[in-house]
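1. I'd like to go over a predicted model; first the sequence, then the structure.
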Amino acid sequence: MNKNTICLWYDSEAEEAAQFYARTFPDSAVGAVHRAPGDFPGGKAGQVLTVEFTVCGIPCIGLNGGKAFTHSEAFSFQIATDDQAETDRYWNAIVENGGQESACGWCKDKWGLSWQITPRVLTKAMSQGGEVAQRAFAAMMEMRKIDVSRIEAAVRGAA
């Protein structure tokens, strides 16, 4: 068992979510599925209680705890992408599977978990500071899904 594991609360769909993440992201997999030995606030004995999984190598456990708590933007996975094709692939997988778009590279999956799909070119531009960061930031603020070519143009001062 890992020293630190992210625990994500789901109503009753932890296994479905884990399977989706494993299909969508590299270095992701579903591990053990544990069934409840007795009734619990979100379900009955024999139903899936927890699911061990990884997302891009990060150990997680999905807990089917019922409707008491929901996800919020206070927690998100930030996925670094190398190009527009990779950005599109992850963004579209999340949004087209019942998720929703937000601003500045953020989206939510159908279970309410927030994701930041962040091209490395944006991160690099922001880390440069000064006018480059200001231009990249201004361009990003007008986007939902990040457009790599627009960020690159902003970095060059051509936006």
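-> Structure received.

2. Would you map the strands across this structure?
-> For the chain, applying DSSP state E gives strands covering 6-10, 29-35, 48-55, 58-64, 76-81, 100-101, 106-108, 114-119.

3. Out of these, which gets nearest to R89?
-> Among the strands of the chain, strand 76-81 comes nearest to R89, with 8.3 Å by Cβ to Cβ. Where C-beta positions appear, they are placed from N, C-alpha and C, glycine not excepted.

4. residues in contact with that closest one?
-> Applying Cβ atoms under 8 Å, 6 or more residues apart in numbering, the external contacts of strand 76-81 come out as 25, 55-56, 58, 87, 90, 106, 113-120, 123.

5. Nearest to A45 among these?
-> Nearest member of those to A45, counting by Cβ to Cβ, is L113, at 27.0 Å.

6. Can you tell me how far E16 is from Q116?
-> 22 Å (Cβ to Cβ, to the nearest Å).

7. What is the burial count for G43?
-> 17 (other Cβ atoms under 10 Å).

8. Same question for P41.
-> There are 9 residues near P41, going by other Cβ under 10 Å.

9. Excluding chain neighbours, what is closest to it?
-> G66 (5.1 Å; Cβ to Cβ, 6 or more residues apart in numbering).

10. wait, isn't the one you found in contact with A14?
-> No: with contact defined as Cβ atoms under 8 Å, G66 does not count as touching A14 (11.4 Å).

11. Many thanks, have a good one.
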